[in-house]
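A.B. asks: sharing a sequence plus its predicted fold:
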Amino acid sequence: MAQKKPGAVFGAIIAIFIAFIIIVVTVSECEDDYSTQNADQQFGTMKPEEAKTRLKDMSRTINPITSYVQSVETLAEIKTPNLADTLPDPSLITKHYPLTVNPRDVSSADVVIEVFCSTEKSGENQPDNWFTTVARDFNNNNVRTAEGKRIRVRVRYIDSGTGYLYISSGKYIPDAFSPSNLLWIKMTQASGVPVTMYTESLVGNTAGIVMKDATYDLLKKNFGEVTLQAVIDAVAQGDIAMGYTDPYASSTGLNFLISILSAYAKGNESKMLSDEVVSAFEVFQRGVPYVAFTTIQMRDSVTKGGLLDAFVMEHQTYLRAEVLQNGYKFIPFGIRHDNPLYGVGELSAEKRDALAQLAKYAESRRNLANEFKFNQNAGYESSYVIPSGETLIAAQALWKQKKNVGKKIAAVFVSDVSGSMGGYSIQNLKIALREGAQFIDPKNAIGLVEYSTEVHLKLPIQPFNALQQSRYLAAVKSMTTGGDTAMFDGIIAAMDLLVEYTTENPDFRPVLFVLTDGQTNAGSFQALQDIGAIANTLDIPIYTIAYGEDTNTSLLQQISSINEAASMSANDEAIVNKIGALLNLEM
Amino acid sequence: MKQLFVWAGIFIVFYAGLAAGTHFTRATNAKKILLAIDVSGTMESEKQKLSGTLSFLEQSPYVQYKIVTNSPNMRLQLLQDWSSVPDFGAVSAITMYVPLSLEKLAGIAGQAGADEIIFITNAADTSALRNIPDSRIITP
C-alpha cells in the first residue's frame, strides 16, 4: 500500500491540473462569448409596452422625490459656443496631455523644442510610440544646431483636434505641431497663427472605411466597385448604416466630412457649402445612426452586429485590430494622413534649425515606422484638393448645425451627488454642466435628475429655451453632495421621465447622460440586468461619464454598450472639456 | 339550312383564327416604350406626380413598358422590366438628392432595345438627350 501512494498523489495532481485547465478554458470561452454578444443576446428584449409598464412600476418602487428648482439663474451673455473655452488651463496641460518625451538633462544652453504630436505616434508604448522612439533617439544622439547648441526635443501626447484648439485659441503655442493630417494645419493657418512646413510626411498613413465582407460584396454588386461615392450613396439610399467620429476632435472624422462635401461638390471648393451640397449632406446624415465619440464604439457596433454596417478608421489602427483582420475590408478615402511636421508661430533661427534637423532625422527613421504598421498604403493618392482653412472651419460649423438633420433630442442629465463626489469633484462637475450648456441646441429638450441615497427630479424635461436654461443653471448651482449612491435608481427614474416626454413628443429622440463614479451601493435596484432589457427595448442610449476619485469604469462601459453609446473617463478639470465635446457632438 | 350552318362555322373559325393570329402577332411584336427617369435631386419633389404626368400612356397588351433610371446603384437602374402596366411605385422608394448624369441616362436607355424612349427629367440642360432617335422628353 505504501508503494501506491506516490502514484495516487501524482494522479490527484494530474486530475486537479486537468480540472484547472477545463475551468480556465471554460471561463475564457465564456468571456469571449460575452465580449462578442450584442445587447439583444446579453439583455434580451421585450415588447415596448411591456418595457414601459415595467419601467413605470420600477419608478413607482423608487418613488423619486420631485424637487424641481423654483429659482432661475441669470444667463451669461450669449456667446458663440467655443470648445477652446472648455480646455484645461494651460498651466495644467501636462497633467492632461503628458510629455512622453521630456529629457531631464536640459540646460539653459540647449535649444529646446516642444512638439504637439498626434496620439497614434506619440504614446508611451508599442505600437503608438514611433515618434516617441525617434525623438528619444534624436535626443540621445545629442544633435547640435549649426551654431553648436545641443537640441532637446519634448513631445506632447495630444490628439490633433485638441492640439489645434490650444494653438488656434492662443491658449498654448508649442514650437511645432504634427497632427495626423494637413487639415488641422490649414485650419491653424486660417486662425491667424503662422506655420512653417518642415516635412509634409513624417510617416505614411491613410483613413478608410471599414466594413464586413458581406457589406462590401453587397456594394460591389450594386455599384460595380466600392468607392467612397458608392458608400455615401448607399448610406443615403438606406442600404447601409454608417458611423464616423467627431470632426471637431478626430482627424479621420474631419477627413470624412470634407470627403463627403467635396464629393457632392465634385471637388469644387466654392460649392462645398452651397445649398445643394448641404441638402445632399442632410440626406446622407439621415443614414448615420450616430456620430461616435470613439472609434471603439463604432468597431463594437460593426463586429457585434449592432446598428452600423461600416465605420471610419485609420489604416494603421485597422492593421493593429486583430478582430478586424478576418472578414473585413478597408476602403481608403479622402486625403492621406501623412503626419506632417510644421513649426508654429514666429520661431527663432536656432529653433528653426533644430526643427529642420529633427525633421531630417525623423525622415531617416521612416523604415522603423513600418514595424509600427505605418507606410502600408503607399500607393494611395489623396482624392481631393484640400480646401482653404476658412472653408474647413466653416464645414465643421455646418456639421454641428446639420448633423441631427432636424431630429430633436430629449436628454436627461443624471448626476451623482453622493458623498463620494464631494469637494473638487462636484465643483468641477458643476463647471462642466454649466459650460457644457453652451453646446446644447435650444430646440433640444433637457431635464436633470440627481441621486444619492434617494433620487431627486430637479428639472422637468423642456425645450432648452432661455427660461429652461436659467432653470437648468439654477438646478446645477443647487447641487450638494452627501449620502450613498443609488445609480440604477437614478437611471430608471430618468428613463421614465424620458419615456413620458417622448411619448407625448414623438419627434424627440431620447438620450441619457450619466455622470458618476459608478460605485453603486444603495437603492431599490442595484444590478445592470435591472435596466438592460428595458433600455435595450426602448432604445435609449446611455452615455456615461466616469468621474471622481474611485471609478467603476467597467460597469459604466457595460451600461453604455446597451445601446452603443460612448463611455468616457474624466478627472478634475478635464471633465469640462470632455462634457463640452460630448454635448457638442450629441446635442 | 345545313349549308348555312357550315358557312357560319367556317366564318366563325376564320374570324376567330384571324383575331387570334392578329392578337398573337401584335402581342409578340408589341410596341416597346422605355421610360427613362432622371433620379437627380431636383426630381425628388416630382416623383409622386409621375403616374399623373404619364397617365396618357396607353395600357394594352400591345404596348410594353420598361422603367430605367440613372441611379449610380445598379439595383435601382432597372426598376421594371417589360410589362404592359407601368408601375411607378419603385420610383417613390428612391431617395433623389444629388445631380446625376443625363449622359448616363441616355446610355442606359440606348441599350434597352425600345421602339420609343420617353425621358422624364426637369433638368435645365437636356442637350445630352436631344439626339437620341425615337425619343422625347417630358418634364413633370
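C.D. replies: Everything's here; your move.
A.B. asks: residue ranges with poor pLDDT in the chain?
C.D. replies: Picked chain A for this. A:1-39, A:76-80, A:406, A:572 (pLDDT under 70).
A.B. asks: the chain in question should be chain B.
C.D. replies: In chain B, residues with pLDDT under 70: B:26-27.
A.B. asks: in it, what residue comes closest to chain A?
C.D. replies: Chain A sits closest to residue B:97 of chain B, with a gap of 4.0 Å, by Cβ to the nearest Cβ. No exception for glycine: its C-beta is placed from N, CA and C like everyone else's.
A.B. asks: gap between the two ends of stretch A:530-549?
C.D. replies: For stretch A:530-549, the first-to-last residue distance is 26 Å (Cα to Cα, to the nearest Å).
A.B. asks: kindly report the same for stretch A:324-340.
C.D. replies: Stretch A:324-340: ends 27 Å apart by Cα to Cα.
A.B. asks: returning to that earlier point: next, work out how far apart the residue of chain B closest to chain A and residue A:247 are.
C.D. replies: Using Cβ to Cβ, to the nearest Å, we find residue B:97 at a distance of 21 Å from residue A:247.
A.B. asks: can you map out the helices along chain B?
C.D. replies: For chain B, helices defined by DSSP state H occupy the ranges B:2-28, B:50-53, B:89-92, B:102-110.
A.B. asks: what sits against the closest residue to chain B within chain A?
C.D. replies: Nearest residue of chain A to chain B, counting by Cβ to the nearest Cβ: residue A:283, 4.0 Å away. Residues counted as contacts of residue A:283 (Cβ atoms under 8 Å, 6 or more residues apart in numbering or on different chains) are A:236, B:95, B:97.
A.B. asks: next: residue A:310.
C.D. replies: Residue A:310 neighbours (Cβ under 8 Å, 6+ apart): A:209-211, A:215, A:231, A:240-243, A:302.
A.B. asks: so the residue of chain A closest to chain B belongs to a strand, correct?
C.D. replies: No: Residue A:283 is assigned helix when assessed by DSSP: H, G, I helix; E, B strand; the rest coil, not a strand.
A.B. asks: burial of the nearest residue to it once chain neighbours are set aside, as a residue count?
C.D. replies: Leaving aside its sequence neighbours, residue A:283 sits nearest to residue B:97 (Cβ to Cβ, 6 or more residues apart in numbering or on different chains; 4.0 Å). Neighbour count for residue B:97, taken as other Cβ atoms under 10 Å in any protein chain shown: 24.
A.B. asks: could you measure from residue B:97 over to residue A:515?
C.D. replies: Counting by Cβ to Cβ, the gap from residue B:97 to residue A:515 is 39 Å.
A.B. asks: now do residue A:382
C.D. replies: Taken as Cβ to Cβ, the span from residue A:382 to residue A:515 is 41 Å.
A.B. asks: between these two, who's got more neighbours?
C.D. replies: residue A:515 (24 against 18).
A.B. asks: state the helix or strand in which that one lies.
C.D. replies: Assigned by DSSP states H and E, residue A:515 falls within strand A:508-516.
A.B. asks: which helices and strands does that strand pack with?
C.D. replies: strand A:408-416, helix A:424-436, helix A:487-504, strand A:542-547, helix A:553-561, helix A:574-586 (3 or more Cβ pairs under 8 Å, 6 or more residues apart in numbering or on different chains; DSSP states H and E).
A.B. asks: near chain A, which residues of chain B?
C.D. replies: B:41, B:72-76, B:94-95, B:97-99 (Cβ under 8 Å from any Cβ of the partner chain).
A.B. asks: mind listing which of those are in strands?
C.D. replies: Using DSSP state E, the subset of those located in strands is empty.
A.B. asks: tell me which element residue A:154 falls in.
C.D. replies: strand A:151-157.
A.B. asks: helix or strand next in line after that strand, which one?
C.D. replies: helix A:160-169.
A.B. asks: show me what that following helix is packed against.
C.D. replies: strand A:111-117, strand A:176-178, helix A:183-190, helix A:251-264.
A.B. asks: give me the number of residues near residue 41?
C.D. replies: In the absence of a named chain, this looks at chain A. 12.
A.B. asks: wait, chain B
C.D. replies: Residue B:41, neighbours per other Cβ under 10 Å, totals 17.
A.B. asks: was I right about it contacting residue B:99?
C.D. replies: Yes: the criterion here is Cβ atoms under 8 Å, and residue B:41 meets it with residue B:99 at 6.2 Å.
A.B. asks: tell me, what's touching these two both at once?
C.D. replies: Overlap between the contact sets of residue B:41 and residue B:99, as judged by Cβ under 8 Å, 6+ apart, is given by residue A:276.
A.B. asks: show me what from chain A comes close to chain B.
C.D. replies: A:221-224, A:229-230, A:233-234, A:236-239, A:264, A:276, A:279-280, A:283-284.
A.B. asks: among those, which ones are in helices?
C.D. replies: Of the residues of chain A next to chain B, the ones assigned to helices by DSSP H are A:221-223, A:229-230, A:233-234, A:236, A:264, A:276, A:279-280, A:283-284.
A.B. asks: biggest separation within the residues you listed, which pair?
C.D. replies: A:221 and A:276 (29.2 Å; Cβ to Cβ).
A.B. asks: more neighbours: these two, which one.
C.D. replies: Counted by other Cβ under 10 Å, residue A:221 and residue A:276 do not tie: residue A:276 has more neighbours, with 15 against 12.
A.B. asks: check contacts around the more buried one.
C.D. replies: Counted by Cβ under 8 Å, 6+ apart, residue A:276 has contacts A:264, B:41, B:99.
A.B. asks: could you find the closest non-adjacent residue to the last one?
C.D. replies: Counting by Cβ to Cβ, 6+ apart, residue B:40 is the residue found nearest to residue B:99 once chain neighbours are left out, at 5.0 Å.
A.B. asks: count the neighbours of that neighbour for me.
C.D. replies: Residue B:40, neighbours per other Cβ under 10 Å, totals 21.
A.B. asks: from residue A:427, how far off is it?
C.D. replies: 56 Å.
A.B. asks: then residue A:495?
C.D. replies: In terms of Cβ to Cβ, residue A:495 sits 28 Å off from residue A:427.
A.B. asks: neighbour count winner among those two?
C.D. replies: More crowded of residue A:495 and residue A:427, by other Cβ under 10 Å: residue A:495, with 26 against 14.
A.B. asks: would you mind measuring from the more buried one to residue A:357?
C.D. replies: Residue A:495 is 58 Å from residue A:357, by Cβ to Cβ.
A.B. asks: identify the residues contacting residue A:233.
C.D. replies: A:223, B:72-73, B:98.
A.B. asks: most neighbours of all those residues, which one?
C.D. replies: residue B:98 (23 neighbours).
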